[in-house]
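# with the input below, show me the fold.
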Amino acid sequence: MAPKTDKPAAGKAPAKTTEKKVKGDKKRKVTRKETYSSYIYRVLKQVHPDTGISNKAMSILNSFVNDIFERIASEASKLAAYNKRSTISSREIQTAVRLILPGELAKHAVSEGTKAVTKYTSSK
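All right, here's what the predicted structure looks like:
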């Protein structure tokens, strides 16, 4: 596991901060960690309604999602650069998914992604 640094990784938004009042009018910043935990939990409940998940397992799944996101985003970025484009489109993401994920998993991911993009564009 890579050591934590003070500055955020390239392409990632910094954690949001809120101010909390403490005794004596001192303000202390509380940083919020952005995770995929709530989304992972929702999907778990859709698939297995009576199954729970431990904090350790949630942390592992969150790391997994971050890792896959990073791989797909960097591959899509390379693909856009090869084609002299400055914007990553759904086409680059789709190609990156096909390159990174193996066989059947890539097919399912592409079909789900296409479905999500279609749903989004039709709701606009």
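# run the chain-centre distance for the helix or strand residue 108 falls within.
Per DSSP states H and E: residue 108 is located in helix 103-123. Centroid separation between helix 103-123 and its chain, computed with Cα atoms, centre = their mean, to the nearest Å, is 16 Å.
# hmm, who's touching that helix?
Contacts to helix 103-123, defined as Cβ atoms under 8 Å, 6 or more residues apart in numbering, come from residues 90, 93-94, 97-98, 100-101. Backbone N, C-alpha and C define where each C-beta goes, glycine included.
# now do the helices in this protein.
In the chain, the segments counted as helices under DSSP state H are 37-47, 55-82, 90-100, 103-123.
# out of the ones you listed, which is the most enclosed?
Greatest average neighbour count among the helices of the chain goes to helix 90-100 (a mean of 17), per mean count of other Cβ atoms under 10 Å.
# if we can go back for a sec, closest one to residue 73 out of the contacts of helix 103-123, please.
Comparing the contacts of helix 103-123 against residue 73 with Cβ to Cβ places residue 93 closest, at 8.4 Å.
# in JSON lines: the contacts of helix 103-123, plus distance to residue 48 and pLDDT.
Listed next are the contacts of helix 103-123 as JSON lines, based on distance: Cβ to Cβ, whole Å; pLDDT from 0 to 100:
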{"residue": "90", "distance to residue 48": "30", "pLDDT": "94"}
{"residue": "93", "distance to residue 48": "28", "pLDDT": "97"}
{"residue": "94", "distance to residue 48": "29", "pLDDT": "97"}
{"residue": "97", "distance to residue 48": "25", "pLDDT": "97"}
{"residue": "98", "distance to residue 48": "29", "pLDDT": "97"}
{"residue": "100", "distance to residue 48": "27", "pLDDT": "97"}
{"residue": "101", "distance to residue 48": "23", "pLDDT": "96"}
